[in-house]
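>>> Any chance you can model this:
(chains A and B)
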Amino acid sequence: MAFISSGYDPKQPMKDRITDIGPKDYKEFLPPVIKKNYGKWLYHEILEPGVLMHKAESGDEVYTVRVGSPRLMGVQTIREICEIADKHCGGHVRWTTRNNVEFMVDSKDKVAPLKEDLLSRKHTAGSYKFPIGGTGAGMTNIIHTQGWVHCHTAATDASGTVKAVMDDLFDEFTHMRLPAQLRVSMACCVNMCGAVHCSDIGFVGYHRKPPIIDHKILDQICEVPLAVAACPTAAIRPTKVDLPDGTKVNSVAIKNERCMFCGNCYTMCPALPLSDGQGGDGLIIMVGGKVSNRISNPKFSKVVVDFVPNEPPRWPTLVKKVRQIVDAYSKGAHKYERLGEWAERIGWERFFEVCDLEFTWHLIDDFRDPAYETWRQTTNFKF
Amino acid sequence: MAKHKTPLLDELEKGPWPSFVSDIKREAESRAKNEKGVEYQIPVDVCDDLLGVLELSFTDGETHWKHGGIVGVFGYGGGVIGRYCDQPEMFPGVAHFHTVRVNQPSGLYYSTEFLNKLCDLWEFRGSGMTNMHGSTGDIVWLGTTTPQLEEIFYELTHNLDTDLGGSGSNLRTPACCLGMSRCEYSCIDAQDLCNDLTHEFQDFLHRPAFPYKFKFKMDGCPNGCVASIARSDLSFIGLWKDNIRINQEAVKAYIGGEIPPNGGAHAGRDWGKFDIQKEIINLCPTKCMWMEGDTLKINDKECNHCMHCINAMPRALRIGEDTGCAMLLGAKAPILDGAQMGTLVVPFIKCESPYTEIKDLIEKLFEFWMEEGKNRERVGETMKRIGLYKILQVLEVEVDARVVQEPRTNPYIFWKEEEVTGGWDRKIEDYRSRHKM
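Next up is the predicted model:
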C-alpha cells in the first residue's frame, strides 16, 4: 500500500490550507418536500409502528419510515442505506438523535415497497439490518457509548450490552403497547456520554476496585499534583515509594476506603488504572429519569440495582433485570405515564416490590449535600 | 476466512436486532476482497484486528485501549482523539486507531451523494467503521493512523466542504433536534440557530480556550428530543408566549373517536375510548383547561407550556405564534459532583437570525467563564460555586421569579452595602452613646 497524498504538503502546512469552515449547510440536504414545507407543518400521525405521516399547511404529506441501527456501522452499511435512499427517497436520508435512520417519501403509495425492501435485508447471520419501529408509546433505539470497542475507561461493553437488551426487548421496538415512550440509555462508565442520567432506564458500566498504582512509571507520565487534585474525595496524596530495585520515586498513596471508583484520577493519570475483569467491574441500573417537560418536570434517573456482573457475550442478569422493570412498568403505569412518574405515584418502596428488585444499603445516597434531599422526611409511606 | 476466532462475539450475531458484530465482519470481508481496488492507506485487516481485540475484552472483561496521546491537525486543538491498542503485537492493524470527529450537518439530513463521498474518504484513509452518530452529535470515524490525519482534513475541507468537530476543553460540536424541517411543534428554527452558532463560534470549537468542555444544544420545544436540558452547558428550548391555537372541530373529532389521540402513539394496546377529561384536562399540570359544552377552553395565562395537550391532540392544538426560546445553563452528567439539570437563566428571548441578542449573552458568558472558571470545571459547577445571582449579573439579565423553583428557605442574604439605608460604616461611639457597656 503506497502512500497517496491528498495534495497536502507537510513541508508547507499552511499552503492552500482551508480551516474554520464549519459543517456543510444542512439546507443542501433537505428533501424537496421538507424544503418546501419548512416551518409550515400542521400535524403528524403515526400510521403504524415506525411509520409517520406529517401534514403540511400546503396539503403536502411526507411519510417517514424509521429503522433501528447499531450506531456502530461500517461504510458498507452506510452505502446500502444510500442505495435504498436512492431507490425510494430521491437520494435523501436522515438520522435521528437516537441513532435511528429515517427514510422519507412524499406519497403514501411509496411506503409499502420501501418497508418491504427494508425488512427483506438481513445480515447473513440472521439479524435485521433495518428493523422498522421506534415510534410512539414504545421503546426506541438505546443511546449508547463506545465500550470495549474503542474506549480506554470503559467498565463494560456498550454495543454488546445494547445488542443483548435490544434482542430481548425487540417486540417493544416494533410495537406501541407501553403506557408512554420508553427511553433507554447505556454508558460504559460513569462519565456517561449520553443522557443516561435522565433516562427512563439506564445501565452504566461501573468499577468497584480502587486504582492500581503503577509506581514505576507514575512520576514519568503523570503530574502528581494533578492526580491528587483529580480526586473528588481527597483519597489521593503524594508520597515517596521505594521500588524493589532500591530506587526512590515520587508517587501517590490512595486511601482505599475513601474511593468512590469514579475514575477521574485515571482520566488525569494513565498510571492509575481501575479496570478489573476479576469480579470488580460490572454495571448499575438506573431508572425514572426524563428530559421532556411534559406533565412533570425533567427528572434524574435513580440507581435501583447496585451491581450486575459483566457476563459477556449476552449479559443475562442485566437483560433479566431490565425486562423485570419494563414488564412491571407496562403492567402498572397509566396511559401517558412515564416510568419515573409511575414510580413516584406508587412510591419507590412499592416500585422495588413490583419489580422484584432488592433494596440494599448501597441505594441510600450518602454523597454530599444533595443526599439529604433523597431521604424521607414524612410519615407518608406505604407498608 | 476470519483472521481471529471470535466465538463470544459470534453469539451477538444471533437475535433480531441489527448486529454490530455482523457489521464489523461485513466491513472486514469487504476490505479483504477489495472488489473496487481501493488503495487502502491503513492496514487492510484493521477490522479483523478490531474484532480480535474486542473478543479479547469479552474474554477477560477489561478494555484494551490505552489513554489517548496528543494527535491532531495543524492549528486545531480538537477534533481528533488519539487511540492506541495495548496489545499492538497481537493486533497490529489497530495499534494506532485514532478517532476523527466530523461536524455533522444540523438536523442530520444527508444527500446520498455527500454520504457516499464521506464513505469513499473513510474507506480509503481509515477503518471504514463509524458511529452514526456520537453522543454529542458528530459523525464519528473510528480508527486511523497519525499520517492520515492531515490528509483526511485536507480532503474534508477541500473536497467535502466540511470541518472537524470539537473535543477536549473546546466548544463541542453544537447539536439540535430536527426543528421546523419536519416538526409542527418547533417554536424556533433549531437547525438554523445550531448552524449559525457553530459558524459564529468556530474559533472556540477548534482551539481550546475554556476551563473545560462546553456544549450548546437546541430543542425546538419543551419535549426536548435532543435532551438539551440534561446534556448541554447552554440549552436553548423553544417556547411560545401567547395562546395555543385551537381547532374546535378537531377537538370534537378526538372526543368522537374519529382521530386517535397522541398521533396514534398508543395504537398497540386497547386503552379504551378517548376521554378528554381524564386524558387531557385532568393531566394538565396547571389545571388551566376545561370544557364548556363541546368547546375546549384554555386559560393560556396559566399554561406552563408542558406540551402534553398538544402532543395528545396534535390536530386540534398548535403552539402559539409569539415564539422564542428559554435559555438554561449548566447541565452535565454526574462526573464529578453529581448530575446537574440546566438552570433557567433567560425565561424568554426572541430567536431570529442573526441572533444578535443571543450572541451577546454568549459572549458575556464565555468571557466570564474563561476568567473565573477553574481548570476542569463545567460552567454549571462554576455557577454552583459562585451562585445563580452572580451569573444573572454577568449576563445582565433582569431578575425574575421564573428562574427559581421556590425562594430561599434560609435568611442568609448577602446584602450589598448600597442596598442598606445609611451604609455599613458606623461609629462605635454613636452606638455606645445609646448603649452603655
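>>> middle-most residue in the chain, spatially?
No chain in the question, so chain A it is. Centre of chain A computed as the mean C-alpha position; nearest residue by Cα atoms, centre = their mean is residue A:144, 2.6 Å away.
>>> Let me rephrase: I mean chain B.
Centre-nearest of chain B using Cα atoms, centre = their mean is residue B:217, 4.4 Å out.
>>> one step back: which residues touch the residue nearest to the centre of chain A?
Applying Cβ atoms under 8 Å, 6 or more residues apart in numbering or on different chains, we find residue A:144 in contact with A:71, A:158, A:159, A:161, A:162, A:185, A:186, A:187, A:188, A:194. Yep, even glycine has a C-beta here, placed from its N, CA and C like the rest.
>>> Help me confirm that residue A:167 comes into contact with residue B:16.
Yes - at 6.2 Å, residue A:167 and residue B:16 qualify as touching, with contact defined as Cβ atoms under 8 Å.
>>> in the chain, which helix has the most residues?
No chain in the question, so chain A it is. Ranked by residue count, the top helix of chain A under DSSP state H comes out as helix A:316-332.
>>> try again with chain B
If you go by DSSP H, chain B has its longest helix at helix B:356-372.
>>> Enumerate the helices of the stretch 51-200 of chain B by residue range, in sequence order.
For the stretch 51-200 of chain B, the helices defined by DSSP state H, counting those that start in this stretch cover B:112-125, B:146-159, B:190-200.
>>> Now find how far off-centre the last one is within its chain.
The gap between the average C-alpha position of helix B:190-200 and the chain average comes to 13 Å, counting by Cα atoms, centre = their mean, to the nearest Å.
>>> Pretty sure residue B:392 sits in a helix.
Yes - read with DSSP: H, G, I helix; E, B strand; the rest coil, residue B:392 is one of the residues of a helix.
>>> just to revisit the earlier point, JSON lines for the helices of the stretch 51-200 of chain B, including mean pLDDT, mean neighbour count and distance to residue A:259?
Formatted as JSON lines, the helices of the stretch 51-200 of chain B follow (pLDDT from 0 to 100; neighbours: other Cβ atoms under 10 Å in any protein chain shown; distance: least, Cβ to Cβ, whole Å):
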{"stretch": "helix B:112-125", "mean pLDDT": "98", "mean neighbour count": "20", "distance to residue A:259": "40"}
{"stretch": "helix B:146-159", "mean pLDDT": "98", "mean neighbour count": "19", "distance to residue A:259": "35"}
{"stretch": "helix B:190-200", "mean pLDDT": "98", "mean neighbour count": "24", "distance to residue A:259": "39"}
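>>> mind giving me TSV with those helices and columns for distance to chain A?
Below are the helices of the stretch 51-200 of chain B laid out as TSV (distance: least, Cβ to the nearest Cβ, whole Å):
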stretch	distance to chain A
helix B:112-125	4
helix B:146-159	4
helix B:190-200	5
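>>> mind checking which helix or strand the residue nearest to the centre of chain B is in?
According to DSSP states H and E, residue B:217 maps onto strand B:216-219.
>>> Packing partners of that strand?
In this structure, strand B:216-219 packs against strand B:175-176, helix B:190-200, helix B:228-231, strand B:234-240, with contacts taken as 3 or more Cβ pairs under 8 Å, 6 or more residues apart in numbering or on different chains; DSSP states H and E.
>>> one step back: got the CA coordinates for the longest helix of chain A in CSV?
In CSV, the C-alpha atoms belonging to helix A:316-332 read as follows (Å, rounded to 0.1, in the frame of the first residue of the first chain):
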residue,chain,number,x,y,z
PRO,A,316,-28.2,-12.5,31.0
THR,A,317,-28.6,-10.9,34.5
LEU,A,318,-28.7,-7.4,33.1
VAL,A,319,-31.2,-8.4,30.4
LYS,A,320,-33.4,-10.1,33.0
LYS,A,321,-33.4,-7.2,35.4
VAL,A,322,-34.2,-4.7,32.6
ARG,A,323,-37.0,-7.0,31.5
GLN,A,324,-38.5,-7.1,35.0
ILE,A,325,-38.6,-3.3,35.2
VAL,A,326,-40.2,-3.0,31.7
ASP,A,327,-42.8,-5.6,32.5
ALA,A,328,-43.8,-4.1,35.8
TYR,A,329,-44.0,-0.6,34.3
SER,A,330,-46.0,-1.9,31.3
LYS,A,331,-48.4,-3.6,33.7
GLY,A,332,-48.8,-0.9,36.3
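>>> Spit out the contact partners of the nearest residue to residue B:361 once chain neighbours are set aside.
Excluding the flanking residues, the one nearest residue B:361 by Cβ to Cβ, 6 or more residues apart in numbering or on different chains is residue B:395, at 5.5 Å. Neighbouring residues of residue B:395 by Cβ under 8 Å, 6+ apart: B:345, B:346, B:361, B:364, B:365.
>>> residues near the residue in the stretch 251-400 of chain B positioned nearest to chain A, how many?
In the stretch 251-400 of chain B, the residue that lies nearest chain A is residue B:265 (3.1 Å; Cβ to the nearest Cβ). By the criterion of other Cβ atoms under 10 Å in any protein chain shown, residue B:265 has 24 neighbours.
>>> nearest spatial neighbour of it, skipping sequence neighbours?
Nearest residue to residue B:265, sequence neighbours excluded (Cβ to Cβ, 6+ apart): residue A:136, at 3.1 Å.
>>> Now do the SS call for that neighbour.
Strictly by three-state DSSP, residue A:136 counts as coil.
>>> Which pLDDT value does the model give residue 141?
Picking chain A for this. Predicted confidence (pLDDT) for residue A:141: 97.
>>> Oops, wrong one, chain B.
pLDDT at residue B:141 comes out at 98.
>>> ok, it touching residue B:130?
Yes - counting by Cβ under 8 Å, residue B:141 touches residue B:130, with 5.7 Å between them.
>>> shared neighbours of those two, anything?
By Cβ under 8 Å, 6+ apart, the residues touching both residue B:141 and residue B:130 are residue B:122.
>>> Kindly state the beta-bridge partners for the residue nearest to residue B:319 when sequence neighbours are not counted.
Among residues not flanking residue B:319 along the chain, residue B:240 sits closest, at 4.9 Å (Cβ to Cβ, 6+ apart). Beta bridges link residue B:240 to residue B:323, judged by DSSP bridges.
>>> now do residue B:246
On the basis of DSSP bridges, residue B:246 is bridged to residue B:317.
>>> pLDDT score for it?
98.
>>> quick one: contacts for residue A:357?
Residue A:357 neighbours (Cβ under 8 Å, 6+ apart): A:304, A:305, A:321, A:324, A:325, A:351.
>>> Restricted to buried residues, select these in PyMOL.
Entered in PyMOL, the line below selects the buried ones among the contacts of residue A:357, by 16 or more other Cβ atoms under 10 Å in any protein chain shown:
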select buried, chain A and resi 304+305+321+324+325+351
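>>> number of nearby residues for residue B:43?
Neighbour count of residue B:43, defined by other Cβ under 10 Å: 20.
>>> ok, it touching residue B:92?
Yes - at 6.8 Å, residue B:43 counts as touching residue B:92 under the criterion of Cβ under 8 Å.
>>> partners of the nearest residue to residue B:134 once chain neighbours are set aside in the sheet?
In this structure, residue B:134 finds its nearest non-sequential neighbour in residue B:140, 3.9 Å apart by Cβ to Cβ, 6+ apart. Here residue B:140 sits in beta bridges with residue B:101, residue B:131, going by DSSP bridges.
>>> Spell out the secondary structure type for residue A:47.
On the three-state scheme (three-state DSSP), residue A:47 is labelled strand.
>>> what's near enough to touch the residue in the stretch 151-300 of chain A that chain B sits nearest to?
The minimum distance from the stretch 151-300 of chain A to chain B, using Cβ to the nearest Cβ, falls at residue A:277 (2.8 Å). For residue A:277, the contact set (Cβ under 8 Å, 6+ apart) comprises A:310, B:60, B:61, B:62.
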